[in-house]
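J.: Would you be able to build a 3D model of this:
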Amino acid sequence: IYLKSRDFKNLLSVKNGPHIPMKINDKNECVAKTEDEWDDDDFKKLTIDNKALNILLVSLDKAEYNLVRRCTSAHEVDYELFKMQPNESIKNLYNRLLDITNALLGLGKVFGKDELVTKLLGCLNDEWEPK
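T.: Prediction:
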């Protein structure tokens, strides 16, 4: 809610992942721009990403912060702090996890099946403990 209240674009940065400035090269391929090619729009979008990351990091307690201090995007923080919501179904939890990991895959972060299973099991709430 706080991210949305500051600027809804902050929440979108967490949800969709950070902006990566791209261009079309001579071979008609989409490639990342170099820093000297960034334009004002790229800087604005990168600033939104960094504001979202800052908002998340300063709102965490020390234990949570230590889990995510090496994250370079708000989207990565979202993955690292991923937890099951109250009254959430396993199917919805799994779909949310896939949304996050698929977006991170686009940024070059690859997750093995064992990592995903461990993450999914580790974020279940207490009502799943007996099972």
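
J.: for Gln85, what are its contacts?
T.: Applying C-beta atoms under 8 Å, 6 or more residues apart in numbering, we find Gln85 in contact with Leu93. Every residue, glycine included, has its C-beta placed from N, CA and C.

J.: The most centrally placed residue in the chain - nearest residue in space that isn't next to it in sequence?
T.: Nearest to the mean C-alpha position of the chain, by C-alpha atoms, centre = their mean, lies His75 at 1.3 Å. Leaving aside its chain neighbours, His75 sits nearest to Gly17 (4.3 Å; criterion: C-beta to C-beta, 6 or more residues apart in numbering).

J.: Torsion angles phi and psi at the one you found?
T.: phi 100, psi 170 (degrees, to the nearest 10).

J.: these two touch, right, it and Leu107?
T.: Yes - at 5.7 Å, Gly17 and Leu107 qualify as touching, with contact defined as C-beta atoms under 8 Å.

J.: okay, and the common contacts of those two?
T.: Counting by C-beta under 8 Å, 6+ apart, the residues touching both Gly17 and Leu107 are Ser73, His75.

J.: Compare the two (neighbour count), which wins?
T.: Set Gly17 next to Leu107 and count neighbours by other C-beta atoms under 10 Å: Gly17 wins out with 22 against 13.

J.: what residues are up against the more buried one?
T.: Contacts here follow C-beta under 8 Å, 6+ apart; on that basis Gly17 touches Ser73, His75, Ala103, Leu104, Gly106, Leu107.

J.: Check the closest residue to Gly106 other than its chain neighbours and give its pLDDT.
T.: Nearest non-adjacent residue to Gly106, counting by C-beta to C-beta, 6+ apart: Gly17, 6.5 Å away. The predicted structure scores Gly17 at 82 on the pLDDT scale.

J.: Now do Gly17 against Lys109, distance only.
T.: Counting by C-beta to C-beta, to the nearest Å, the separation of Gly17 from Lys109 is 10 Å.

J.: can I get the CA coordinates of the helix of greatest length in the chain in CSV?
T.: In the chain, taking DSSP state H as the definition, the longest helix is helix 40-58. Provided in CSV are the C-alpha atoms of helix 40-58 (Å, rounded to 0.1, in the frame of the first residue of the first chain):
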residue,chain,number,x,y,z
ASP,A,40,15.5,10.9,-20.1
ASP,A,41,12.8,8.3,-20.2
ASP,A,42,15.2,5.6,-19.3
PHE,A,43,16.5,7.6,-16.4
LYS,A,44,13.0,8.3,-15.1
LYS,A,45,12.1,4.6,-15.2
LEU,A,46,15.4,3.6,-13.6
THR,A,47,14.7,6.2,-10.8
ILE,A,48,11.3,4.6,-10.2
ASP,A,49,13.0,1.2,-9.8
ASN,A,50,15.5,2.5,-7.4
LYS,A,51,12.9,4.4,-5.4
ALA,A,52,10.9,1.2,-5.1
LEU,A,53,14.0,-0.7,-4.0
ASN,A,54,14.8,1.9,-1.4
ILE,A,55,11.2,2.0,0.0
LEU,A,56,11.3,-1.8,0.5
LEU,A,57,14.8,-1.9,2.0
VAL,A,58,14.2,0.9,4.6
